[in-house]
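Engineer: Quick one: sequence plus predicted model below, questions after.
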Amino acid sequence: YVDWLHADLIVLLGSNVANNQPVTMKYLYYAKKNGAQIAVVNPYREPGLERYWVPSVPESALGGTAMADHWFTVDTGGDLAFLVGVFRALLAFGGIDERFVRENTIGFDAARTKAESVEWSEIEQKSGAPRERIEACARLLIDRPNTVFVWSMGLTQHAHGVDTIKALVNVGLARGLPGRPNSGLVPIRG
């Protein structure tokens, strides 16, 4: 959680932390106070991620705190295609941490080729999100380099859950998130 407190961006994917991991909401509250933005990739606009009452913070306990700054709506199971689209957009926008990729990954060229071989129309159809929103997510990741990805069973509980996590990790590796303060990849359970 320490990395959350000074992140630029915290992206929640397939996760309703307000209901399933309520302790995290206090950390999100303080991260926002420190300037972090919160993005949500989910089929449903979770009310607790719109506004939450953090009981241990008097100001929030009384009036609630607006949480999510960015919403990226996907169809159920559409996260995989959404992440492939984000990866593809990062490639197009020059949003790859080339040094990190070169020094710390293998198979990047194969991941690039695979992502670029998927047509945008297929990505939009399978994700349920328009290209403009997928590209907006990629630009947000570029603009806010200290990003933490947080995901839950909303990503893993699908026939293609393993492929979805691989796509998420590819995006995180492309941005150079692992191993740096105030950024990273965080699976979280209830």
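Structural biologist: That came through, no problem.
Engineer: Nearest spatial neighbour of residue 173, chain-adjacent residues omitted?
Structural biologist: Among residues not flanking residue 173 along the chain, residue 105 sits closest, at 5.2 Å (CB to CB, 6 or more residues apart in numbering). Quick note: C-beta positions are derived from backbone N, CA and C, even for glycine.
Engineer: Then residue 153?
Structural biologist: Using CB to CB, 6+ apart, the closest residue to residue 153 is residue 14 (6.9 Å).
Engineer: Is the one you found in contact with residue 161, as I believe?
Structural biologist: No - using CB atoms under 8 Å, residue 14 is not in contact with residue 161; the gap is 9.4 Å.
Engineer: These two: which has the busier surroundings?
Structural biologist: Legend: neighbour count by other CB atoms under 10 Å for residue 14 and residue 161, higher for residue 14 (24 against 17).
Engineer: List the contacts of the more buried one.
Structural biologist: If a contact means CB atoms under 8 Å, 6 or more residues apart in numbering, then residue 14 has 41, 42, 79, 151, 152, 153, 154, 155, 156 as its contacts.
Engineer: got the phi/psi numbers for residue 64?
Structural biologist: Here is the backbone geometry of residue 64 (degrees, to the nearest 10): phi 80, psi 170.
Engineer: any idea how far residue 128 is from residue 87?
Structural biologist: 17 Å (CB to CB, to the nearest Å).
Engineer: Who has more neighbours out of the two?
Structural biologist: For residue 128 versus residue 87, neighbours defined as other CB under 10 Å are more numerous around residue 87 (27 against 17).
Engineer: Spatially, which residue comes closest to that one, not counting chain neighbours?
Structural biologist: Nearest residue to residue 87, sequence neighbours excluded (CB to CB, 6+ apart): residue 115, at 4.7 Å.
Engineer: I'd like the distance between residue 42 and residue 129.
Structural biologist: From residue 42 across to residue 129, the span is 11 Å (CB to CB).
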